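K.L.:
I would like to see how this sequence folds:
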Amino acid sequence: MIFQLVAILFVLLLLIISISKWKLHPFIALVLAAVLLGLLVGLGGKGTVEVLLNGFGSTMKWIAIVVVLGAFIGEVLNETGGAIRISDNVLKLVGQKRLPWAMGITGYIVSIPVFVDVAYILFQPVTEALARRSRSPVLVVGLALTAGLTVSHTLMPPTPGPLAVASLLEANIGRMLLINSFAAIFAVTGGVIWAKYYCKKFILPLDSSTSVDREREERPRPDHAYGKVFSDVLPIIVPVVLMSAGALLEGHKHWICEMLAFVSTPVIAVGIGAGIAAFRYSQTANSPHLNRLVESAIVKSALVIMITGAGGALGFVIRESGVQDSIGTFFAGLPYLGFMLPFIMAAVLTSSTGSITVSLIGAGSVLGPIASGMPYSREVMAALIGCGSFCVFHANSSFFWLLNRLHDVPVNTLYKTYTIQSLIMGLSGLTGILFLLSIGIT
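P.N.:
You can find the predicted model right below:
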């Protein structure tokens with residue numbers, strides 16, 4: 001296990017240096033890092049290539065079409081002025097000072113039934129429009145949204161990860177939901193505060209163009225650009241509602257439920273949203289222009305898809321090395337860690353593998369058999385595992401590279417903002433759990 005960890009740390013350090021110092025393209029750097037790591041951990045030449053391709057394909061099969069469709073929705077919203085109208089109404093409703101909190105709450109609600117990556121792709125045009133209209137850095141708005149998305153994805157059933165933890169620990173879902181909800185408040189608060197007060201000093205190329213964009217947006221628009229905001233929001237809301245309904249009715253055998261299971265899959269749900277956006281656009285422009293937006297979405301998505309896929313491939317190679325099993329066995333044999341054992345184990349798994357789901361299931365699998373011997377309930381243990389799973393996201397996380405490409409955020413900046421934010425969120429959630437323990441809730 002020690003050699004595996006050293007190999008992973010070495011490759012990740014080499015990855016950071018190759019992108020930051022040597023200016024190697026992220027896609028090439030990620031692929032080379034995955035190959036090198038596979039060879040170092042003993043997967044062999046052929047095995048390394050197979051694992052890399054499987055990881056790349058596994059990431060691409062669910063993200064590629066969704067990213068293109070999401071980008072198309074963004075193109076339509078930008079072309080019709082929908083993103084501006086949505087952002088203006090949000091700002092009127094919550095105000096500029098409360099915008100990060102509104103984004104955090106929005107992310108928290110949306111990501112309970114919807115995967116983090118899909119939700120963020122859907123909200124990208126609104127996020128950037130809100131940043132422009134509020135004169136806030138994109139990272140402030142985007143990372144506030146990310147905080148809410150990540151917390152519910154990690155802590156709140158019926159998201160698959162928390163449900164798996166509940167099953168592995170044999171925890172009471174109702175009690176776990178209450179405890180995790182309390183910890184989630186602390187985690188979201190820590191993440192939003194970090195984004196609002198620290199990340200505002202990081203100005204991206206996208207932020208530098210906001211004054212030009214603002215002048216363009218404030219020019220008089222054709223009458224057809226001023227439709228109802230409701231129709232602008234539909235391409236975003238409908239996929240979220242469909243995916244939510246699918247999650248709630250999962251497992252039912254009625255034909256309506258089976259049909260809903262089909263339309264609630266991310267590709268179909270976002271496709272329906274794209275269809276609504278296309279219909280909305282067809283009311284204001286010619287179909288040839290619509291084809292232009294489709295092509296623009298494909299071109300803009302290509303780099304995002306490839307780099308995110310390469311990041312997923314690296315994470316897949318790490319997970320195939322079996323390091324999570326070794327780490328779990330190692331930490332389970334250290335009883336002196338006491339009540340911090342679930343938090344630390346989950347944190348190490350997330351840092352090593354870059355996957356929240358692997359961290360949740362890995363820690364839950366190892367700790368399930370010893371849950372009855374811990375000085376607190378299984379539900380508190382589940383909350384500790386969830387909070388530990390925030391710590392920390394970096395170059396082996398596919399979402400790290402999604403942020404990098406969607407907003408053109410330099411890698412060094414992501415480490416200073418997103419990576420540290422994830423640590424703060426984990427520690428903030430841990431603070432909430434410690435508070436519960438201090439008042440006798442175990």
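K.L.:
Report the spatially nearest residue to V51, omitting neighbours in sequence.
P.N.:
In space, and not counting its chain neighbours, V51 is closest to E320: 4.8 Å by C-beta to C-beta, 6 or more residues apart in numbering. Yep, even glycine has a C-beta here, placed from its N, CA and C like the rest.
K.L.:
Neighbours of the one you found, how many?
P.N.:
Number of residues near E320 (other C-beta atoms under 10 Å) recorded here: 19.
K.L.:
what's the pLDDT at it?
P.N.:
On pLDDT, E320 comes in at 84.
K.L.:
which residues touch it?
P.N.:
Neighbouring residues of E320 by C-beta atoms under 8 Å, 6 or more residues apart in numbering: G38, L43, V51, G55.
K.L.:
Can you flag which of those belong to helices?
P.N.:
G38, V51, G55 (DSSP state H).
K.L.:
Make sure the last one is actually in contact with G315.
P.N.:
Meaning G55. Yes - proximity of G55 to G315 meets the contact threshold set by C-beta atoms under 8 Å, at 6.9 Å.
K.L.:
what's the next secondary structure element after the worst-scoring helix or strand of the chain on mean pLDDT?
P.N.:
The least trusted helix or strand in the chain, going by mean pLDDT, DSSP states H and E, turns out to be helix 210-217, with a mean of 49. Using DSSP states H and E, the next helix or strand after helix 210-217 towards the C-terminus is helix 229-248.
K.L.:
And the ones in helices among the contacts of E320, which is closest to T80?
P.N.:
Ranked by distance to T80 (C-beta to C-beta), those are led by G55 at 37.7 Å.
K.L.:
Can you name the residues that contact that closest one?
P.N.:
Shown in contact with G55 (C-beta under 8 Å, 6+ apart): A34, G312, A313, L314, G315, F316, V317, E320.
K.L.:
so how far is Q124 from the second one?
P.N.:
I take that to be G312. Using C-beta to C-beta, to the nearest Å, G312 is found at 19 Å from Q124.
K.L.:
Those two - which one has more neighbours?
P.N.:
When G312 and Q124 are compared for neighbours, G312 comes out ahead with 28 against 24, by other C-beta under 10 Å.
K.L.:
Just flag the most distant two among the contacts of E320.
P.N.:
L43 and G55 (11.5 Å).
K.L.:
Neighbours of I439, how many?
P.N.:
By other C-beta under 10 Å, the burial measure for I439, its neighbour count, is 7.
K.L.:
do the one 3 residues further on as well
P.N.:
The local packing count at T442 equals 12, with neighbours defined by other C-beta under 10 Å.
K.L.:
right, and it touches R378 too?
P.N.:
No - using C-beta under 8 Å, T442 is not in contact with R378, being 10.6 Å away.
K.L.:
For this protein, give me the ranges with low pLDDT.
P.N.:
Where the chain drops to pLDDT under 70, the residues are 1, 113, 158, 209-227, 247-254, 285-288, 324, 328-338.
K.L.:
Quick test: name the residue nearest the centre of it.
P.N.:
V116 (3.6 Å; C-alpha atoms, centre = their mean).
K.L.:
which residues does that one contact?
P.N.:
T146, L149, T150, H153, F399.
K.L.:
Just the C-alpha atoms of the helix or strand in which G104 is found, please, in CSV.
P.N.:
According to DSSP H and E, G104 maps onto helix 99-110. Coordinates of each C-alpha in helix 99-110 appear next as CSV, following Å, rounded to 0.1, in the frame of the first residue of the first chain:
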residue,chain,number,x,y,z
LEU,A,99,-26.5,36.0,-4.5
PRO,A,100,-23.8,33.4,-3.4
TRP,A,101,-26.2,32.2,-0.7
ALA,A,102,-29.0,31.9,-3.2
MET,A,103,-26.7,29.9,-5.5
GLY,A,104,-25.6,27.6,-2.7
ILE,A,105,-29.2,26.9,-1.7
THR,A,106,-30.2,26.3,-5.4
GLY,A,107,-27.3,23.8,-5.8
TYR,A,108,-28.3,22.1,-2.6
ILE,A,109,-31.9,21.5,-3.8
VAL,A,110,-31.1,20.7,-7.4
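K.L.:
For N172, give me the backbone phi and psi.
P.N.:
Backbone torsions of N172, given as degrees, to the nearest 10, read phi -80, psi 120.
K.L.:
I'd guessed Y281 sits against V294; true?
P.N.:
No - assessed by C-beta under 8 Å, Y281 is found out of contact with V294, at 10.4 Å.
K.L.:
where do the contact lists of L43 and G55 overlap?
P.N.:
By C-beta under 8 Å, 6+ apart, the residues touching both L43 and G55 are V317, E320.
K.L.:
which residue ranges form the strands in the protein?
P.N.:
Shown for the chain, no strands are assigned by DSSP state E.
K.L.:
Neighbour count: Y281 and V294, which is higher?
P.N.:
Comparing Y281 with V294 by other C-beta under 10 Å, the one with more neighbours is Y281, at 22 against 17.
K.L.:
Report the contact partners of that one.
P.N.:
Y281 touches V76, E79, T80, H289, L290, L293, counting by C-beta under 8 Å, 6+ apart.
K.L.:
Assess the claim that the last one and F72 are in contact.
P.N.:
Yes - proximity of L293 to F72 meets the contact threshold set by C-beta under 8 Å, at 6.3 Å.
K.L.:
ok, these two, which is more surrounded?
P.N.:
F72 (28 against 21).
K.L.:
Skip the chain neighbours and tell me the closest residue to that one.
P.N.:
A297 (4.0 Å).
K.L.:
Distance of L168 relative to G271?
P.N.:
L168 is 34 Å from G271, by C-beta to C-beta.
K.L.:
That concludes my questions; thank you for your assistance.
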